[in-house]
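Undergrad: fold the following.
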Amino acid sequence: MKMKKRAWKPLADAKLRNAVEERIKTSVELLRDPSTIKKHALERDVKIRGWSPLSLGSGYPGLCLLFGELDRLEPEAGWDMAGHQVLVAVQQAVQEHGVPSLDLWGGLAGIVLGVRSLSRGGTRYAGMMESLNRFATEQLPEFIETRTDRLANDLRMTDYDLMGGMTGVGRYLLAFRDEPQLQPVLEGVIRYLIALSGEKEVEGQLVPMWHISSDNQFLAIEREFFKQGMCNAGLSHGIAGPMGVLALAKLHGVETTGQDTAIRRYAEWLVEQKLEDEYGPYWPGRIPMEVVSNGWEEGKVVPPNESWCYGGPSIARQLWFAGMALGETAWQELAMEVAVASYKRTQNWNEKTGLSSPNFCHGVAGTAYMAQVMYAETGNELFAEARDRLVERVLDLFDEELPYHVFELTRDPNDPNGTKTKVSDMGLLEGLAGTLTVLTSLLTEEAPEWDAVFLLS
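TA: Numbering: from 1, shown residues only. Alright, predicted model coming up:
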């Protein structure tokens, strides 16, 4: 089965559409001027979350996706010129700082996809994209080699993951799969993700190659908790991402020996790791090595998470791709069950959602958008109802007293009570740009392309 053009079903309720339009109109003005954003960031306002000019997640490339989507919605409204000003800021930042890295969410891959989102289907900025892609062609072989050398003995999540690793780079390269100069590095990434699906020996035991040792966990508390290491099942840093890229590659006609076997290994492992509560099946984001070896204790309950980064809807989306790619309808049926269960949980707002902010990564906007994706995919009205309910929640959570109206809840490390405070962010991942991009897409008549950076297409 090959990838077909996606269906799309925008918001139908007139009152909700009007509220969304008004919110976009009000808040987008905070993002129109790149120089003002830079000024605010350099002032280091305690209410403003970190800013990195060339980061897709928290910088100018994320704004490119927003203005590209607004231009698609209103092509005569001048959003392309707003996007052009952002690209000028991107060029200035590259000249000043250089390209910080090659990955999707912090470096080159995200910059290129930002430019592409403003190109009106490739009819603009071709020279800029060609130049950046040529740089990628020159630099990525070493990027791939370094991570391949660490694969069996010193694997880090950012070697393979969507945010900083090979999965994110692979999704960028898939967007340019017809460019001859990029095809060899795309094949290199695919081969790496196939190798990642294998096994390695740890302390005399065969474990999945994607096992991450205790020493290579992100946080000290994780190093303490996962003394034997763990396997990450989530989308942002977990194994759902490599599976999704391999499946999307196959659906787009990019195939390599061993690819089907790798997709199957990942999918079957995820199926084995699922848990179930009164709403239905779900996946815990991080699975301790003891559980990988011995299975879950009977009756074990791990709180579900319904956000994009670690939640059921995003992992289910990758299993859906895997099912499409290999013709495994049982995987698609399980993906549907997981997604349905996730949105049933969100009906009880304070219970079992893991959602507390309006943004994309950890918040309600991402979960609302994933309901939209599943609604367009399946036509199941439960997803439309969940989408509308969650969009209303997003609108309710906007806080105009904050610099960028959207927030992430952050614990104060100096507060012994662990009190959470609102910290505002302009970016795509955790801030205003991502939330407005979601809201804009819910007004359009055709499916967007920007959600590829979140591995939802």
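Undergrad: endpoints of stretch 300-319, how far apart?
TA: Distance across stretch 300-319, first residue to last, is 23 Å (CA to CA, to the nearest Å).
Undergrad: for it, buried residues please.
TA: For stretch 300-319, the buried set under the neighbour-count rule, 16 or more other CB atoms under 10 Å, comprises 304-319. For the C-beta atoms, the positions are set from N, CA and C on the backbone; glycine is no exception.
Undergrad: which one among these gets closest to Ala41?
TA: If you rank those by distance to Ala41 using CB to CB, Cys309 comes first, at 23.1 Å.
Undergrad: now that closest one: which helix or strand?
TA: With the criterion set as DSSP states H and E, no secondary-structure element contains Cys309; it sits in neither a helix nor a strand.
Undergrad: and the residue lying closest to it once chain neighbours are set aside, how many residues sit next to it?
TA: The shortest distance from Cys309 to any residue that is not its chain neighbour, by CB to CB, 6 or more residues apart in numbering, is 4.0 Å, and that residue is Ser236. Using other CB atoms under 10 Å, Ser236 has 27 neighbouring residues.
Undergrad: picking that back up, which of the buried residues of stretch 300-319 sits closest to Phe176?
TA: Comparing those against Phe176 with CB to CB places Gln318 closest, at 21.3 Å.
Undergrad: got a list of what that closest one touches?
TA: The contact partners of Gln318, by CB atoms under 8 Å, 6 or more residues apart in numbering, come to Leu235, Ala240, Gly241, Met243, Gly244, Ala247, Leu455.
Undergrad: quick one: the strands in this structure, in order.
TA: Secondary structure of the chain (DSSP state E): strands at 199-202, 205-208, 230-232, 275-276, 281-282, 286-288, 407-411, 420-424.
Undergrad: how about these in JSON lines, adding mean neighbour count and mean pLDDT?
TA: Output for the strands of the chain, formatted as JSON lines (neighbours: other CB atoms under 10 Å; pLDDT from 0 to 100):
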{"stretch": "strand 199-202", "mean neighbour count": "14", "mean pLDDT": "93"}
{"stretch": "strand 205-208", "mean neighbour count": "16", "mean pLDDT": "93"}
{"stretch": "strand 230-232", "mean neighbour count": "23", "mean pLDDT": "95"}
{"stretch": "strand 275-276", "mean neighbour count": "14", "mean pLDDT": "94"}
{"stretch": "strand 281-282", "mean neighbour count": "23", "mean pLDDT": "96"}
{"stretch": "strand 286-288", "mean neighbour count": "20", "mean pLDDT": "93"}
{"stretch": "strand 407-411", "mean neighbour count": "17", "mean pLDDT": "86"}
{"stretch": "strand 420-424", "mean neighbour count": "17", "mean pLDDT": "88"}
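Undergrad: gap between the nearest residue to Leu151 once chain neighbours are set aside and Thr158?
TA: Among residues not flanking Leu151 along the chain, Ala195 sits closest, at 6.2 Å (CB to CB, 6+ apart). Taken as CB to CB, to the nearest Å, the spacing of Ala195 relative to Thr158 amounts to 17 Å.
Undergrad: tell me which of the two has more neighbours.
TA: The residue with the greater number of neighbours, taking Ala195 and Thr158 and applying other CB under 10 Å, is Thr158; the counts read 19 against 15.
Undergrad: quick one: contacts for the residue nearest to the more buried one when sequence neighbours are not counted?
TA: Ranked by CB to CB, 6+ apart and with sequence neighbours excluded, the top spatial neighbour of Thr158 is Gly164, at 3.7 Å. Contact criterion CB under 8 Å, 6+ apart gives Ser101, Asp103, Leu104, Trp105, Gly106, Thr158 as the residues in contact with Gly164.
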